[in-house]
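*Asks:* model the structure of this input:
(one chain, ligands or ions: 2)
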Amino acid sequence: MRIRLLLLVLIALSSVQGIARETVIRKLTSNVVVVTPGKKQLHTLGWPNDIINSVAVKTGKGLVLIDTQNSPANARLIKNAVQDNFNDSTFVYIINTHGHSCHSGGNCIFTESQIVAQQNSEAEIKDYDDLFLGQTVEFLRKKIYHKSNVLDTISTSGVLSDSINQAIELYRFYENDLINNYHARYADLTFDETMTLNAGEKTIHLYYMGKGHGDADIAVYIRDEKVLCTGNLFHLGAYEHETMPSFYQFRVNEIDHWISTLEEILKPENAIDHVISTHGKHSFKKENLEFILDYCKAVRKEVKRAKSQQIPIESVQEITIFEDLFNQYQGIVPLNKEAREMHARNVAIIWRNIK
Ligand SMILES: [Zn+2]
Ligand SMILES: [Zn+2]
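*Replies:* Ligands and ions are numbered 1, 2, ... in the order given. Next comes the predicted model:
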């Protein structure tokens, strides 16, 4: 009898774990949830990546989903979880925070919905198409074969073998997508600077941030719920030590645009209780964005000053002249080794992009 009871408990526990492994749902407000596949896939297009959060909003007239994961397979997982959670299967709008594959890779399964993104997302989605969906099954099988061979040479399990296994799994997802004849899907509704969507009882504001991470990054503000989704714009929340904007070294940087958009988002009438990053493990605070705005302004000012006075870049890369700013945000932003390194990198990027 006791054994039977134990067995029943074990079966119950394993099925609970089974569900938990598939998706994790985090409730932000009664109408907004963050949905994440239970298993993280480290590789997207071969770059290391973290978990991918999608955000779903119940509007009273269908659902709005922000970011569609890196593959149709993961998007389907998220879609089912959201449908079950809200007991609603109509997705009125699907918003891509930009066109990189981990934010738009699952667009094609939302056949009945309007996809909304900034106009530059088209080129980003096309890159993904060229690399994966536009490839052949043969190409992906070669990749899987190669990774499996590498895996065979590793005798101990750990971070490296986990990451290779995750890459293989992702290639299998893409292979499956090709077999299922999925295609990259582009936005139906695009905009340049801002767009306001009215869906049911919700008003959703989209703000283009300017180039810096990619070319099409937007922030999505769900006014009535006081939730702001920032896609891949900031590292904050992904790793605790990362405190900076997500500027990419070899891409164009539009610091002026970032500053004016952040000022617009942080207007006093915009209440923000939750800031959600697509790759973050934790949500972060409005104060983090205030820091980023002040930080961007300070860096722009110091870079301009140094350039006009022909002071070498190294003097701005040193954190010393920014210490007051970091002190002002103590408790919000730790000034550690990683923050210093990222600062030096940010200055180099902005230096290149300021005349
Ligand atoms: Zn990205
Ligand atoms: Zn991303």
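
*Asks:* all strands for this protein, in order.
*Replies:* Listed from the start of the chain, the chain has strands (DSSP state E) covering 23-29, 32-37, 43-44, 47-48, 54-58, 63-66, 91-95, 114-118, 189-191, 194-199, 202-208, 218-222, 227-229, 274-276.

*Asks:* can you put the ones you listed in TSV and add mean pLDDT and distance to Ile168?
*Replies:* Just so you know, the C-beta spots here come from the backbone N, C-alpha and C atoms, and that holds for glycine as well. Shown next, in TSV, are those (pLDDT from 0 to 100; distance: least, CB to CB, whole Å):
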stretch	mean pLDDT	distance to Ile168
strand 23-29	94	21
strand 32-37	94	16
strand 43-44	43	9
strand 47-48	42	15
strand 54-58	98	23
strand 63-66	98	28
strand 91-95	98	28
strand 114-118	98	29
strand 189-191	98	35
strand 194-199	98	38
strand 202-208	98	36
strand 218-222	98	32
strand 227-229	97	30
strand 274-276	93	29
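
*Asks:* make CSV from those and add mean neighbour count and distance to Phe326 to it.
*Replies:* Listed next are the strands of the chain as CSV, based on neighbours: other CB atoms under 10 Å; distance: least, CB to CB, whole Å:
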stretch, mean neighbour count, distance to Phe326
strand 23-29, 15, 29
strand 32-37, 22, 29
strand 43-44, 21, 32
strand 47-48, 10, 27
strand 54-58, 26, 30
strand 63-66, 26, 31
strand 91-95, 24, 33
strand 114-118, 23, 31
strand 189-191, 16, 35
strand 194-199, 15, 31
strand 202-208, 20, 26
strand 218-222, 25, 23
strand 227-229, 26, 23
strand 274-276, 22, 19
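
*Asks:* okay if I get those strands as JSON lines plus distance to Arg305?
*Replies:* Below are those laid out as JSON lines (distance: least, CB to CB, whole Å):
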{"stretch": "strand 23-29", "distance to Arg305": "41"}
{"stretch": "strand 32-37", "distance to Arg305": "41"}
{"stretch": "strand 43-44", "distance to Arg305": "39"}
{"stretch": "strand 47-48", "distance to Arg305": "35"}
{"stretch": "strand 54-58", "distance to Arg305": "39"}
{"stretch": "strand 63-66", "distance to Arg305": "38"}
{"stretch": "strand 91-95", "distance to Arg305": "38"}
{"stretch": "strand 114-118", "distance to Arg305": "32"}
{"stretch": "strand 189-191", "distance to Arg305": "35"}
{"stretch": "strand 194-199", "distance to Arg305": "31"}
{"stretch": "strand 202-208", "distance to Arg305": "28"}
{"stretch": "strand 218-222", "distance to Arg305": "29"}
{"stretch": "strand 227-229", "distance to Arg305": "31"}
{"stretch": "strand 274-276", "distance to Arg305": "30"}
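
*Asks:* export those to TSV and append columns for distance to ligand 1.
*Replies:* Putting the strands of the chain into TSV (distance: least, CB to the ion, whole Å) gives the following:
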stretch	distance to ligand 1
strand 23-29	21
strand 32-37	17
strand 43-44	9
strand 47-48	9
strand 54-58	14
strand 63-66	14
strand 91-95	14
strand 114-118	12
strand 189-191	17
strand 194-199	20
strand 202-208	15
strand 218-222	12
strand 227-229	14
strand 274-276	15
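
*Asks:* tell me which of these sits nearest to Asp152.
*Replies:* strand 43-44 (18.4 Å; CB to CB).

*Asks:* neighbours around the nearest residue to Ile154 once chain neighbours are set aside, how many?
*Replies:* Closest residue to Ile154 apart from its sequence neighbours, by CB to CB, 6 or more residues apart in numbering: Ser161 at 5.0 Å. For Ser161, the count of nearby residues is 14 (other CB atoms under 10 Å).

*Asks:* next: the one 10 residues further on.
*Replies:* If you count neighbours by other CB under 10 Å, Tyr171 ends up with 23.

*Asks:* now Ser163
*Replies:* There are 15 residues near Ser163, going by other CB under 10 Å.

*Asks:* please tell me how far it sits from Ile154.
*Replies:* Going from Ser163 to Ile154 by CB to CB, to the nearest Å gives 11 Å.

*Asks:* so the chain: which segments form each domain?
*Replies:* 23-128+184-293, 135-179, 294-353 (automatic domain parsing).

*Asks:* which of these is buried the deepest?
*Replies:* Compared across those, domain 23-128+184-293 shows the largest average neighbour count, a mean of 20 (mean count of other CB atoms under 10 Å).

*Asks:* which residues of the stretch 201-350 of the chain score low on pLDDT?
*Replies:* The stretch 201-350 of the chain contains residues with pLDDT under 70 at 236-243.

*Asks:* closest one to ligand 2 among the strands of the chain?
*Replies:* strand 43-44 (7.1 Å; CB to the ion).
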